[in-house]
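**Student:** how would this look folded up:
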Amino acid sequence: MLGLVDSFLESAMQLLLQLYLAITSSLPLTFSRVSSLCASLLATSLTHSAFYRVNRKANKTRKTVPYFSSFCYFLARISELTPRYLLLSLTCSQFLPWCLIAVPFHIGFVFLLYYYFKPNLKGICPNMKNMACMSRCDFLNKLFILMMSYIGLFSFINLVEGKSKKPAAIFYFVFYFENLLMTSIILWYSVSNKAVTWWTYTLWSVPIGIVCHVVFLSVFYECLHPNKRAESSVFQNEERTRISEY
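**Tutor:** Coordinates of the predicted model:
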């Protein structure tokens, strides 16, 4: 968990700053600069996918995620994060004051979304002996949700036990609406001010990222998820039993 927070506090902000400086200062994309950008992107994507795998492994009631399935999950996350980083950097390069106003609204939305679905947070304050401890526990829970809401600026983190389709659907509806809105604003501004650069063409990563993200997530949850694999193996065993009975 600390690795996840540290990755998005350090690597994500480093990547955004590097992209912002490259766009606004017209810095050449040298091999070292591209390598640094790719390293930051891979770090956040790998940390996100590793967190999901380790979190399931730590819960004895859940089946662990195989490495091949984890790779598919990693591809889904990198497809989600890449357009988001580019869009945030491009938007900040043109509308920096407005971005500083809009970002807290998104974090607030994610916080309310998590808080509404009442996440089951374990291990933050296990001993609640009096009202003071309960009040302190409530504060720590909200602080933890706030940290996860900051990560929600870039990607979805599941804090709900069991099925999380409803909060994920609400999150991604707003998430991709924001992506498409930022894409439209950047294109409008670039064309109207005749400021189209090669950075503008990176906006193709937005529709490509949406398609890849949906495809990889669908493959993971419908085919490679541990629960689906377990159901498939149970079905195969039942079929073998029926065949042997005949």
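
**Student:** pLDDT weak spots in this structure?
**Tutor:** 1-2, 58-62, 120-136, 161-163, 228-246 (pLDDT under 70).

**Student:** Now with 50, please.
**Tutor:** 230-246 (pLDDT under 50).

**Student:** In it, which helix is the longest?
**Tutor:** In the chain, assigned by DSSP state H, the helix with the most residues is helix 67-116.

**Student:** for that helix, packing partners?
**Tutor:** Contact here means 3 or more C-beta pairs under 8 Å, 6 or more residues apart in numbering; DSSP states H and E; on that basis helix 67-116 packs against helix 2-24, helix 31-58, helix 131-151, helix 165-192, helix 205-219. Glycine gets a C-beta too; all of them are placed from N, C-alpha and C.

**Student:** and of those helices, who's closest to A76?
**Tutor:** For the helices and strands packed on helix 67-116, the distance to A76 is smallest for helix 205-219, at 3.7 Å, taking C-beta to C-beta.

**Student:** Please list the residues outside that closest one that contact it.
**Tutor:** If you take C-beta atoms under 8 Å, 6 or more residues apart in numbering as the criterion, helix 205-219 is touched by 72-73, 75-76, 79-80, 82-83, 86-87, 176, 179-180, 183.

**Student:** Type out the ChimeraX command that picks the buried ones from those.
**Tutor:** Remark: buried members of these, expressed as a ChimeraX selection using 16 or more other C-beta atoms under 10 Å:
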select :72,73,75,76,79,80,82,83,86,87,176,179,183
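
**Student:** Please identify which of the contacts of helix 205-219 is nearest to Y150.
**Tutor:** Of the contacts of helix 205-219, the one sitting nearest to Y150 (C-beta to C-beta) turns out to be E80, at 16.1 Å.

**Student:** tally of neighbours for the residue nearest to the closest one when sequence neighbours are not counted?
**Tutor:** Nearest non-adjacent residue to E80, counting by C-beta to C-beta, 6 or more residues apart in numbering: H213, 4.7 Å away. Other residues lying near H213 total 22 when counted by other C-beta atoms under 10 Å.

**Student:** Assign the spatially most central residue of the chain to helix, strand or coil.
**Tutor:** Closest to where the C-alpha atoms of the chain average out (C-alpha atoms, centre = their mean) is S155, at 2.0 Å. Here S155 is recorded as coil under DSSP: H, G, I helix; E, B strand; the rest coil.
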